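3D, please:
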Amino acid sequence: MGLDSDVTHDALRPLMFAIAYRMLGSVAEAEDVVQEALIRIHGADAVQSPEAFATTVTTRLAIDALRSARVRRERYMGEWLPEPLVSEDTLVAAAPGPPDPADVAVRRESLSAAVLTLMEELGPLERAVYVLREAVMLDYSRIAEIVERSAAACRQMYSRAGRRLAAATPRDSGRADRGSIAEALVDALHREDVALVEELLASDVRLHADGGGRAPAVTRPVEGAVAVARFLLGLVRRTGPLGVHIDVIEANGGPAVRARDAEGAWLAVMAVQTSGGRVVNLHNQLNPDKLAHLGPVGDLAALLAQRGTRPATEER
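Take a look at the predicted model:
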C-alpha cells in the first residue's frame, strides 16, 4: 500500500521541489519532476523512510530530466539563466526540521542565480552530488546510494564541483549589505545619477540577460562599470515614460530588481550579486515563459514598440 497522499504532499513536497529546482534551475521542470516522483511514491510499498525515498526518487528523476534537457539548452537562443524563485518557504525547506541559521545561509547560496547559472557547466551527476551535499547536507555514503556511485567518487565530484563554482563565484556580501546595495542602485537609476550607478558597480561587473528569443535582451554579457551603467540607465530612460516601474524584491535567496508594467505585470527579474560592497554580477531574466509562474506577464517588446523604441538586442 502506498503512502497517504495528503501526508506525502504536505510533508515531502518542499524537500522534493528544493532538490529538483536546484538541479534544474526551472520551476516548471522541477514541478514536473515532483509530480512524477509523487506518483511513484504513492505506488511504493513498505517505505521505511518517506524522506529518504523521496530524496532518492526526486534526484534520479532530475538527473534524467537534465540529460534529456541538455540538447534543448545547447540550442537555446542567447544566454540561459534560471527561472527566478521568490517563495521564502522553499528557500529554507531543503531539509526537514527547524532550520539552523548557518545551514539556511548555505542553502541560500546554493539557490542563487549565479550558482544555478554556473551549475549548467556541471554534468548531471556532479550537480546531483553538489545539491545533495550543499543544500540537503547528506553524508557521502547516503549520496552514493542515491546516485549509485562510490562514496569516494561522490566526494571527488563534490570537491571538483565546489572548486569550479568557488573559482567563478566571488564571495558575497552579507544579506543586509547586498540588500542595501540593491536599493541604492535602484534609487540611483531612478534619479539617473550616472556617477553613483558607476560607483555602485565593480570595475569588472557583468550583466547577463535571458530573453529566450521571446523578449528583447542582449545576447552576450555587458561588461565593465561604465558599459553596464550606461546600459541600465538607457533602459530606465526608454521604459520610464512607458510606465515601467522598478523596485527591489528578494529572489533566489538574495536581492533582485523587479520590473513591472503600468498594470503591474512582470517584465523582468534581475538578480543582484555583490562582493566587497559593490555589484559584481547582474542576471536579468526577461523570458516571459520563465516569469509566468510569478503572475501576469507583460509584453516588453510590444511595450517598447508603442513609442518606436529600439530594443537593446544588438550583439555586444
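
Where does the prediction get shaky in the stretch 151-300 of the chain?
The model of the stretch 151-300 of the chain has pLDDT under 70 over residues 167-176.

Run through the helices of it in chain order.
Taking DSSP state H, counting those that start in this stretch, the helices of the stretch 151-300 of the chain run over residues 151-168, 175-190, 194-200, 225-239, 300-305.

Just want the angle from the fourth one to helix 175-190.
Looking back up the chat, that one is helix 225-239. If you take axes from the mean of the first three to the mean of the last three C-alpha atoms, to 10 degrees, helix 225-239 sits at 60 degrees to helix 175-190.

CA atoms only for helix 225-239 - export them in CSV, please.
Extracted in CSV, the C-alpha atoms of helix 225-239 (Å, rounded to 0.1, in the frame of the first residue of the first chain):
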residue,chain,number,x,y,z
ALA,A,225,31.1,49.5,-14.8
VAL,A,226,30.9,52.2,-17.5
ALA,A,227,29.2,50.0,-20.1
VAL,A,228,26.8,48.4,-17.6
ALA,A,229,25.9,51.7,-16.0
ARG,A,230,25.1,53.2,-19.4
PHE,A,231,23.1,50.2,-20.4
LEU,A,232,21.0,50.2,-17.3
LEU,A,233,20.4,54.0,-17.4
GLY,A,234,19.4,53.6,-21.1
LEU,A,235,16.8,51.0,-20.2
VAL,A,236,15.4,53.3,-17.5
ARG,A,237,15.2,56.3,-19.8
ARG,A,238,13.5,54.3,-22.5
THR,A,239,11.0,52.4,-20.3
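
Could you pull out the buried residues of it?
Under the neighbour-count criterion of 16 or more other C-beta atoms under 10 Å, helix 225-239 has A225, A227, V228, A229, F231, L232, L233, L235, V236, R238, T239 buried. For glycine as for every other residue, the C-beta is placed from the backbone atoms N, C-alpha and C.

same question, the second one
Along helix 175-190, the positions that meet the burial threshold by neighbour count (16+ other C-beta under 10 Å) are R178, G179, S180, I181, A182, A184, L185, V186, A188, L189.

Distance to V280 added to these, as a markdown table?
Output for the buried residues of helix 175-190, formatted as a markdown table (distance: C-beta to C-beta, whole Å):
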| residue | distance to V280 |
| --- | --- |
| R178 | 10 |
| G179 | 15 |
| S180 | 16 |
| I181 | 10 |
| A182 | 12 |
| A184 | 15 |
| L185 | 12 |
| V186 | 17 |
| A188 | 17 |
| L189 | 17 |
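
And the protein, what are its domain boundaries?
5-168, 175-305 (automatic domain parsing).

What's the local residue count around G276?
The tally of other residues near G276 (other C-beta atoms under 10 Å) stands at 11.

er, K290 I mean
K290 has 25 neighbours, counted by other C-beta under 10 Å.

residues touching the closest residue to it other than its chain neighbours, list them.
For K290, ignoring the flanking residues on the chain, the nearest one in space by C-beta to C-beta, 6 or more residues apart in numbering is E83 at 4.3 Å. E83 is in contact with G25, S26, V27, A28, Q285, K290, L291, H293, counting by C-beta atoms under 8 Å, 6 or more residues apart in numbering.
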